[in-house]
Each structure stands twice: as C-alpha cells, then as structure tokens.
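Enquirer: got a predicted model here, sequence first, then my questions.
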Amino acid sequence: MTSSPRLWRQAPYLLWLTSDTGKGLASTLFNFAVPLLALVVTGDPAQAGIIAAVGTVVRLLTTLAGGVLADRHRRIVMMTLGAALGAVAAGAFTVAALAGRVDFAMLLVFEVLLAALGGLFNPAGEAALKDIVPESMMGRAQAANQGRDAALQLAGGPIGGMLLAVGGWLIGAAMFVGALVSAVAGWALGRRVGWGRPEAADADAPQAEAAPANALRELREGVRWLFRRPDLSTGTVVATVINLGLNAGITTMIYAVLQAGHSEATIGWMMAASGASMLVGALVAPTLVPRIGAGTLMVLGIAVCTAAIAGGVFVETPWGIALLVSGAVFLLPALNAAFSGYTMVATPTALIGRVNSVGAVLAMGAMPLSPLVAGFGLAWAGRSSTLLSSLTLCAIALVMALLSRPLRSIPAEARWAEHAKQFDDAEVPVG
C-alpha cells in the first residue's frame, strides 16, 4: 500500500502548492486573454502573433537568468517577491483596462513584463520544492503538480472566457487575486520553514571556488553538470525531441481538420477530450510513479505517443483523431512527474535552479516550432508528409530512450537517490 496520503499532511508542501497554483492561475488567464484582446483591439492576427512571439523570446532569455538567480539567492524570498510584483502588474493591468487604455502597445508592455517576471522568479519557486519536500515523496509531489497543471489548462479556457465576456478588467482582477494568494502563501511558507540559506546549499554543489559572481560562468556550470550526467542529459534531449514531434503531429491533425471544413466547435470538443484524458492521467500518476520505474514510464509514454502519431497518418475523422490524441497524452503526466521528480532528487541543491531552467528553456523552445512545422508542412508537403516528419521525430526519441541504459533503468520513486549516486561517483568536478 502506498504512503501517498502522507504528502497531503506536509504543511510546507501545501503552502508551496497554494502559492504555485495562484501564480499558475494568473498566468493561465493572462495567456488566454492576451491574444483575444489583441485581436479585438487591433483586428490584426499578425499583431497578436507579434505579442506572443516577443513574450516567448523574453521568457526564454529570462528563464536562464532566473535559474542562476534561484541558485544564488533565498528561493522562498524570490518566489514571494515574484508573486508580489505579479500582483502589482495585474493591478496595473486592471486599472488600464477599466480606463479603456487597452491597445497593442499596452498589451505588448504587459506581455513583456509578465514574461520577464515569470522567467526571473519561477525557477526559484520550482527549486524551492527540493528544499521542502522529502526525497521519498518527490515523485508524488511532482505528480500532484501535474494534476494541478492539467486542471488549470482544462478550466482556464472556460473561466477566462466567462471573465473576458464581462471585460478585460475582470481578467486583470482575477490575476491580481491569484498573484496575491501566491504572495501570501509564499510569505506563510517562509515564516514556517525559514527563508532558505543558499550558502548552506553549497555543500553538495560540484563547484569549488568562491569566485566573484558571474552569471555566464554559473550558467555554464549548470549546463556542463547536466550534460555530464547520462541519465539526465539523455532524458532532457529525449523530452525535447518528443515534445516537438508530438506537438507538431497534433497541431498538423487539428489544422487538417479545420482545412477539411469542420467547425471550431468540433475542434473545441476534440481538445476538451484530450484535456480530460490528460486530467485523468494526472490523477492516476501518483499511483504509477511510486510503483513503476521512471525509465519504464518514459519508454511507455513515448511509445504510446509515437503510435498515436503513426495512427494519425491513416485516421482523418475528428472522433478518430480525438481518440488518438487522448491516448497519446494519457501517460504524459506520469512521465513528466517521474522524470522531473528524479531530476530534483539527483541534482545537487545548489544547482537545481540552473538545471531546471535549462530543461524548461529546451521545452519552451520546442513548443513554438510545432505550429511552424505543422503550418509550413501542410502548405508545402501536405498532411501525410508532415505527419511522417512528426512521426520520425517521435521514433527518434523512442530509439534514444530504448538505447540509453542510464535513462531506461531509472527505478521507481523509492530508489531514485540510490540510483543517482552511481552517476555522482563518476562525475568530473565543475569549476
């Protein structure tokens, strides 16, 4: 019988989860509202695309900086400060919307501001989890986070739509409440467990000297440490490749359904079905992660994704595609929870911010490429050829996972620390 219920008796984790959920809700609502508001006020899809593209670039760049900051400074202080600044920005957005000053320039400014806040401060919040959750519960904590994320994604659209129907200012007000809850919970967490002592964390870091602060050098240390680990580096690359292949394939199938003359409502229920499947998968993940090896979960999850994209080459009906996509995403929460949990356990505390930020940047970098692959592929090569390209990427990820014994042999949650030590012994010190 699993000891999962004990996780929910960990008050520090519950405070962290409350803070992270408030921040996640605010981010979900803003990401939903900005493209729609941009289309309403400008009438130009290109301008909405510019806002999204600029925000993505800012988030990518600042996330790398945020990883360095998370390893330099007190993480709970940073996550609380980031939430407080987010509340200030949301309040300003609300005031601007009430005053009728929502235009392209204002939306661009707020997109850049909130993307920068997320990039600079979110890595600290993620890294703080290593300081407050026992290693024996890390997998289940990550699985719970996956369930929370799936619920936000599924509910964010309907909630955002209802709020936006009243006015953009209500989106801002809801963002303010979410960020305020995040800041208050972060403050309560700091009061309960302490604000963190980054200098104490240096004891388990693979770095040797007390050199003057240098962000690029510190970032290189994190990258070099990550790619000297065959278990983590292979998993990171595999995750990036499967993200690109799977999302490009799903996007291609959705675009093709639209091109075939089906309505936006049809796309809506297709995506709702896949969202519901991911939510159910997230609810099942806390049961799977303690029982099945993380490497096994990764191989199974990638194999299912590959099979779904292969099926998409032959299936063109909306209900058939909905079934394929729903099947593809079902194991993703367990896969993500297992690998991210193992990464948290295996990575030294003093490097976790940088290692997590590198993984996040690779994942974020793959996401914008998916619609480009799908769009240009459909225009230049057609549906089948584009899906075959996506299938090739998924197959490459599967072969890499199968051939990598360090990745494939990662055990279930209880043995993560023991498994990681064999790679610690073989590492070359960084510095």
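Expert: It's in. Residues are numbered from 1 along each chain as shown.

Enquirer: please give me every residue in contact with A334.
Expert: 143, 146, 281, 284-285, 288-289, 292, 297, 301 (C-beta atoms under 8 Å, 6 or more residues apart in numbering). Every C-beta, even on glycine, is put in place using the N, C-alpha and C of the backbone.

Enquirer: could I get those residues as a markdown table with secondary structure?
Expert: Listed next are the contacts of A334 as a markdown table, based on DSSP: H, G, I helix; E, B strand; the rest coil:
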| residue | secondary structure |
| --- | --- |
| A143 | helix |
| Q146 | helix |
| G281 | helix |
| V284 | helix |
| A285 | helix |
| L288 | helix |
| V289 | coil |
| I292 | coil |
| L297 | helix |
| G301 | helix |
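
Enquirer: just the buried subset of those, please.
Expert: 143, 146, 281, 284-285, 288-289, 292, 297, 301 (16 or more other C-beta atoms under 10 Å).

Enquirer: those: which two are farthest apart?
Expert: Using C-beta to C-beta, these reach their maximum pairwise distance at Q146 and I292, which is 14.9 Å.

Enquirer: re the thing from before, can you add distance to G190 and pLDDT and give the buried ones among the contacts of A334 back as CSV?
Expert: Formatted as CSV, the buried ones among the contacts of A334 follow (distance: C-beta to C-beta, whole Å; pLDDT from 0 to 100):
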residue, distance to G190, pLDDT
A143, 25, 92
Q146, 25, 91
G281, 33, 94
V284, 33, 94
A285, 29, 94
L288, 33, 95
V289, 28, 94
I292, 35, 95
L297, 34, 96
G301, 36, 96
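
Enquirer: which one of those residues is nearest to A215?
Expert: Q146 (30.6 Å).

Enquirer: list the buried residues for the longest helix belonging to the chain?
Expert: Longest helix of the chain, by residue count under DSSP state H: helix 11-42. By neighbour count on 16+ other C-beta under 10 Å, the buried set for helix 11-42 is 12-13, 15-35, 37-38, 41-42.

Enquirer: which stretches of the stretch 51-200 of the chain have low pLDDT?
Expert: The stretch 51-200 of the chain contains residues with pLDDT under 70 at 196-200.

Enquirer: again, only this time at 80
Expert: 52-53, 157, 195-200 (pLDDT under 80).

Enquirer: the residue nearest the centre of the chain - nearest residue in space that isn't next to it in sequence?
Expert: Centroid check for the chain by C-alpha atoms, centre = their mean gives A360 as the closest residue, at 6.7 Å. Nearest residue to A360, sequence neighbours excluded (C-beta to C-beta, 6 or more residues apart in numbering): T63, at 5.5 Å.

Enquirer: residues near the one you found, how many?
Expert: For T63, the neighbour count with other C-beta atoms under 10 Å is 23.

Enquirer: and for A379?
Expert: For A379, using other C-beta under 10 Å, the count is 10.

Enquirer: same question for A350.
Expert: A count of nearby residues for A350, using other C-beta under 10 Å, gives 22.

Enquirer: what's the helix or strand for L362?
Expert: helix 352-380 (DSSP states H and E).

Enquirer: please report phi then psi for the most far-flung residue of the chain relative to its centre.
Expert: Here the chain reaches farthest from its C-alpha mean at A99, the gap being 33.8 Å by C-alpha atoms, centre = their mean. The phi and psi values for A99, taken as degrees, to the nearest 10, are phi -80, psi 0.

Enquirer: same check on P348?
Expert: phi -60, psi 150.

Enquirer: now it: how far from G222?
Expert: Distance, P348 to G222, using C-beta to C-beta, to the nearest Å: 10 Å.

Enquirer: which of those two has more residues huddled nearby?
Expert: Of the pair P348 and G222, G222 is the one with more neighbours under other C-beta under 10 Å, namely 25 against 18.

Enquirer: hang on, that one packs against A350?
Expert: No - the criterion here is C-beta atoms under 8 Å, and G222 misses it with A350 at 9.7 Å.

Enquirer: identify the contacts common to those two.
Expert: Contacts common to G222 and A350, judged by C-beta under 8 Å, 6+ apart, are D71.

Enquirer: stretch 342-353: end-to-end distance?
Expert: By C-alpha to C-alpha, to the nearest Å, the extent of stretch 342-353 from end to end equals 15 Å.

Enquirer: look at S3 and report its pLDDT.
Expert: pLDDT recorded at S3 is 39.

Enquirer: give the contact list for the residue lying closest to H262 once chain neighbours are set aside.
Expert: Spatial nearest neighbour of H262, chain neighbours left out: P318 (5.8 Å); criterion: C-beta to C-beta, 6+ apart. If a contact means C-beta under 8 Å, 6+ apart, then P318 has 257, 262, 266, 270 as its contacts.

Enquirer: thanks again, I'm all set now.
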